[in-house]
Each structure stands twice: as structure tokens, then as C-alpha cells.
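S.K.: Using only what follows, build the 3D model:
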Amino acid sequence: TAMAGMDMGATGMGDMGMANTATDATAMATDIARRKNKTYKKHTGIMICPSTLARHLRGKWQKLLDIAVDAIAPLLPLQRKVVFDNFGGRGMGDDPKYIALYLKKHYPKARLIWLAANPQEDFPEGIEPVRIYSRKARYHLYTAKVWVDNFKSLPKPEKRTGQFYIQTWHGGILGLKQAEAQVEEQLAPAYVAAAKRDAQMTDLMYSDNDFVRNIFQTSFWYNGPVLKKNLPRLAPILHPAEGLRAEIQKKLHIPPEKKMLLYAPTFRQNNEASLYFWNYEKVLEAMARRFGQSYVLLLRLHPNVAKLAEGLRYSDHVIPASGYPDMQELITAADALITDYSSTAFDCAITRKPVFLYGPDLSDYLARERSLAVDLKELPFKINATIEELCADIANFSPMAYNRNVDAFFNKIGLEENGEGDRQIAEIIAKQLDL
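M.R.: Numbers count the residues shown, from 1 in each chain. A predicted model of the protein is given here:
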């Protein structure tokens with residue numbers, strides 16, 4: 001149709017048009033306000049505040065532009081581009097990051113759009129940041145052939161015929177916590193409605209193990225295929241970039257001779273900083289005694305509660321790492337991990353690095369937060385309730401027994417993982433883009 005062939009610049013919704021829309025609307029509204037003021041004063045003798053009238057007219061103009069995007073963009077041809085999101089605009093991370101980087105390197109004809117709360121952050125050349133929830137973001141969602149997201153409550157327009165949506169989820173190899181339909185009664189009704197709508201639009205999910213594939217098929221309100229594929233987020237962990245460890249030590253001002261113990265707990269709804277503050281020094285001493293070298297602790301809180309990190313105490317041995325953007329890079333660089341009920345335990349264990357669990361609030365967590373998806377007795381790690389138990393667990397660490405337990409657990413859940421997930425999922429996307 002003539003409408004379908006319209007150039008986005010001609011409709012005022014192209015990339016240049018999108019960028020200049022707000023400025024043009026302001027200028028237009030201000031000009032109209034001045035002219036209307038003169039007419040109104042001539043007949044009434046009253047002067048209306050130009051800025052007030054300009055704001056009113058600008059608001060109407062913006063609503064008209066929103067209507068225009070929703071009316072015209074769905075009629076435009078789909079383009080060879082992919083729209084990515086990570087946790088509702090948090091920037092590059094998780095599976096979407098590593099899929100995008102692989103596409104950028106191996107499929108340069110694909111246009112890559114990243115929805116970001118802060119488009120001014122540093123993004124790699126070839127990946128275009130667009131402010132999430134903006135008119136321009138909706139235009140790209142309407143006209144991209146492929147969507148990739150790890151977050152189910154991002155408002156999306158109705159998926160068009162010919163569009164393909166990959167929901168990567170964000171639970172890693174295995175999320176310890178129950179999720180979605182398993183805890184539907186504990187979730188906000190608005191989230192459940194959004195997640196069900198998202199599931200209806202999803203074309204593909206994947207996992208690297210049979211246990212999680214079954215959860216996706218039975219508890220995510222999703223009826224489509226769940227492929228057995230490697231996880232893109234594990235590619236940098238299993239195939240680490242040369243020099244990454246030294247780069248992270250430099251960024252975090254850690255002496256190169258120091259070993260790194262990463263502490264990365266999951267979040268709690270009550271947002272109490274005291275939960276994440278304990279006797280770090282005692283644990284570092286236990287690590288030094290057991291492994292024979294001096295350690296520093298990298299403290300990285302979950303993004304949902306990262307603001308609490310400002311109230312914690314740091315030193316030469318306790319390094320703030322909550323602001324470091326890529327958890328996978330921290331796991332890659334670290335020599336050992338302490339967590340609680342987080343899926344990062346398995347992301348780290350796949351490297352066979354030591355993993356220790358510290359959950360002093362386990363009973364309260366199970367009562368107030370979420371039930372666990374796995375019987376604690378089946379885990380290859382012990383959950384320690386006190387610092388004394390944690391230090392004893394470290395002192396008694398046996399690499400042979402640990403590797404045997406991890407191997408048995410991964411075999412039980414049917415894990416198949418070799419760090420090729422970025423390539424595997426990128427190839428699926430390239431096929432959708434006819435590349």
C-alpha cells in the first residue's frame with residue numbers, strides 16, 4: 001500500500017524525526033501560544049501565561065505523535081533489525097548482551113537496537129541505544145523482525161505477523177527460587193497479567209538442561225518450543241577473554257597478586273542492608289588458611305537492591321563491586337564465590353571454582369519470599385546458617401568431593417553446556433533475518 005511504503009522521515013517518525021520531535025513540538029507550541037495570546041488579549045484584555053499555554057499545546061502535540069506512531073508504524077515493512085532489552089532498560093547484560101555481541105561480530109548486516117534507561121551509557125559501536133518506553137522505542141518494536149528479552153513485564157505492542165520473539169529468561173543454569181506459575185499467588189496480579197501476555201507472544205525459549213526446560217513448559221504460561229541450547233551468558237565464563245582478570249583488577253584497584261572472593265547474594269523484598277553485612281574479615285582469613293593465599297572480597301549486591309551497597313562498610317580487603325555492570329565477567333575473574341539462593345552458584349560451579357552458600361535467613365526467606373525449586377539436600381553445596389559454619393565449610397573444602405558432587409548434580413538435571421550459546425541463539429536470529 002502507499003501507506004506501507006511511506007518513508008519514516010516523511011511521516012516525522014524516522015530516526016532524525018524522532019530525535020527532533022520534542023524540540024520541534026516545543027518551538028511550534030511556543031509560537032502558537034504567542035499568536036493565540038495576541039488574539040485572546042485583543043478581545044478580552046487578558047494575557048495568558050505563554051509557558052502554560054505552550055505546555056498545554058505541546059502535550060496535545062505529543063499525544064498526536066503517539067497516535068501517529070501506533071497507527072502508521074504497524075503498517076510499515078519489517079526490517080532486518082533486532083530489539084534487545086535487559087531487565088527493563090538496565091543496559092547491556094545477561095543473555096541478550098552476548099547474543100548481541102555475537103550478531104555484531106558475525107552478522108554485520110543486522111541492525112541492533114538496545115532499549116536503555118540511560119542511552120548515554122557506553123555501548124559498543126554497532127549497537128544503537130534507544131531510550132526505553134520512548135516513542136522511538138515503540139517504532140523499533142513495531143518494525144523489527146526479532147525481539148530478544150529476559151524480562152516479561154516490559155510493555156510491548158501487539159506482535160505483528162512475521163515478527164519473532166525470543167524470551168531468554170534470566171535464571172541461568174538453574175534458579176533456586178520458584179518462579180511464575182509456581183508462585184502465582186505470591187505475585188502481583190498486574191505482573192501475572194503482563195507475564196501471561198508476554199508468554200502468548202513468545203515464539204521461543206531455551207535452556208541447557210532438562211530440569212529447567214520442564215519448568216518453562218509447565219510453569220511459564222507458555223506453550224511454544226523450549227529448545228535445548230547452551231546459555232549465551234556462559235560463553236564468556238567458559239571461554240574467557242584474554243586479559244579480563246587483569247582488566248577487572250585494574251578497574252577495581254585490586255593488587256594483581258591478590259585472589260578474589262566474589263560475594264553475590266540475591267535480593268530480598270524487605271531491602272535491609274544488615275542482611276548483607278557480616279564478618280567479612282573472618283571469612284577472608286578462613287580462605288587464606290585453606291587455600292594458602294591472600295584474598296580480597298568483591299561485594300556485589302543484586303541490581304534490585306544495589307543502592308544498599310552505599311551503606312555498607314569497605315576496606316582494602318572488601319571491595320565495592322555492585323556498580324560493575326557485568327556479573328558474568330566478575331564470575332570469570334573471581335577465584336571463588338559466596339552466594340545464598342542465587343542462580344550464580346551454578347554459573348560459577350560449571351567452571352569447578354569453589355562455591356559456598358551462606359543463608360542466615362533461610363527459614364525467614366522461605367516464609368516471606370519464595371519457596372525453592374530444588375530440595376536443598378540435592379544441591380552440590382551446603383547452605384551455611386552462621387559465619388562459623390561457613391568458615392568450617394571453607395576449611396573442609398575438598399576439590400575431589402566438590403567436583404564429584406557438582407558432576408552428579410549436573411548429570412541429574414540433564415545439563416549440556418559447552419559455552420556456545422551466543423553462537424547457537426544468534427544463528428536462530430540470523431535465520432529469521434534471512435542472513
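
S.K.: going forward, measure contacts and count neighbours with C-alpha atoms only.
M.R.: Fine.

S.K.: burial of Gln424, as a residue count?
M.R.: As a burial measure, Gln424 scores 16 neighbours (other C-alpha atoms under 10 Å).

S.K.: Report the contact partners of it.
M.R.: Lys229, Asn230 (C-alpha atoms under 8 Å, 6 or more residues apart in numbering).

S.K.: Could you report the pLDDT at it?
M.R.: On the pLDDT scale, Gln424 is placed at 98.

S.K.: and if you look at Pro265?
M.R.: 89.

S.K.: Quick one: low-confidence residue ranges for the stretch 151-300 of the chain.
M.R.: 271-274 (pLDDT under 70).

S.K.: Recalculate using a threshold of 50.
M.R.: Within the stretch 151-300 of the chain, no stretch has pLDDT under 50.

S.K.: now the helices for it?
M.R.: 189-201, 210-219, 235-238, 244-251, 280-291 (DSSP state H, counting those that start in this stretch).

S.K.: Make CSV out of the ones you listed and add mean neighbour count.
M.R.: Shown next, in CSV, are the helices of the stretch 151-300 of the chain (neighbours: other C-alpha atoms under 10 Å):
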stretch, mean neighbour count
helix 189-201, 17
helix 210-219, 17
helix 235-238, 19
helix 244-251, 15
helix 280-291, 16
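
S.K.: Let's have those in a markdown table, adding distance to Arg138.
M.R.: Below are the helices of the stretch 151-300 of the chain laid out as a markdown table (distance: least, C-alpha to C-alpha, whole Å):
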| stretch | distance to Arg138 |
| --- | --- |
| helix 189-201 | 16 |
| helix 210-219 | 28 |
| helix 235-238 | 31 |
| helix 244-251 | 36 |
| helix 280-291 | 46 |
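
S.K.: Can you check which of those gets nearest to Lys97?
M.R.: Of all those, helix 235-238 sits nearest to Lys97, with 10.9 Å by C-alpha to C-alpha.

S.K.: re earlier: which among the helices of the stretch 151-300 of the chain is found nearest to Leu357?
M.R.: With distances scored as C-alpha to C-alpha, the stretch of the helices of the stretch 151-300 of the chain nearest to Leu357 is helix 280-291 (12.3 Å).

S.K.: Any chance you could list what contacts stretch 376-392?
M.R.: 278-279, 282-283, 286-287, 340, 355-362, 393, 402, 405-406, 409.

S.K.: ok, now stretch 249-267?
M.R.: 246, 276, 293-302, 304-305, 319-321, 330-331, 333-342, 344.

S.K.: Mind listing what's buried along it?
M.R.: Gln249, Ile254, Lys259, Met260, Leu261, Leu262, Tyr263, Ala264, Pro265, Thr266, Phe267 (16 or more other C-alpha atoms under 10 Å).

S.K.: from those, which is closest to Ile67?
M.R.: Using C-alpha to C-alpha, Phe267 is the member of these that lies nearest Ile67, at 38.9 Å.

S.K.: Would you mind measuring from that closest one to Asp347?
M.R.: With distances taken as C-alpha to C-alpha, to the nearest Å, Phe267 is found 17 Å from Asp347.

S.K.: again, but for Ala385
M.R.: For Ala385, the distance to Asp347 - C-alpha to C-alpha - is 22 Å.

S.K.: mind listing the strands for the stretch 1-150 of the chain?
M.R.: Secondary structure of the stretch 1-150 of the chain (DSSP state E, counting those that start in this stretch): strands located at 79-85, 111-116, 127-131, 144-149.

S.K.: Can you spell out which helices and strands pack onto the third one?
M.R.: Read it as strand 127-131. Here strand 127-131 touches strand 111-116, helix 135-143, going by 3 or more C-alpha pairs under 8 Å, 6 or more residues apart in numbering; DSSP states H and E.

S.K.: That one to helix 135-143, inter-axis angle?
M.R.: Here strand 127-131 points in a direction 120 degrees away from that of helix 135-143 (axes from the mean of the first three to the mean of the last three C-alpha atoms, to 10 degrees).

S.K.: And for the longest one?
M.R.: Computed with the same axes, to 10 degrees, the direction of strand 79-85 lies at 120 degrees from that of helix 135-143.

S.K.: contacts for strand 79-85?
M.R.: 91, 96, 100, 109-116, 140-141, 143-151, 433.

S.K.: Let's see that with 7 Å instead.
M.R.: Residues outside strand 79-85 that contact it (C-alpha atoms under 7 Å, 6 or more residues apart in numbering): 96, 110-115, 140-141, 143-150, 433.

S.K.: try the last one
M.R.: Surrounding strand 144-149, the residues in contact under the criterion C-alpha under 7 Å, 6+ apart are 78-86, 96, 162-168, 433.

S.K.: I'd like the distance from that strand to the chain centre, please.
M.R.: Once both centres are worked out by C-alpha atoms, centre = their mean, to the nearest Å, strand 144-149 turns out to sit 15 Å from its chain's centre.

S.K.: tally of neighbours for Tyr341?
M.R.: Using other C-alpha under 10 Å, Tyr341 has 20 other residues around it.

S.K.: Settle this for me: it is touching Gly175, isn't it.
M.R.: No - under the criterion of C-alpha atoms under 7 Å, Tyr341 is not in contact with Gly175, lying 8.1 Å apart.

S.K.: how near is Glu184 to Arg404?
M.R.: 36 Å.

S.K.: can you check Asn279 too?
M.R.: Asn279 sits at a distance of 30 Å from Arg404 (criterion: C-alpha to C-alpha).
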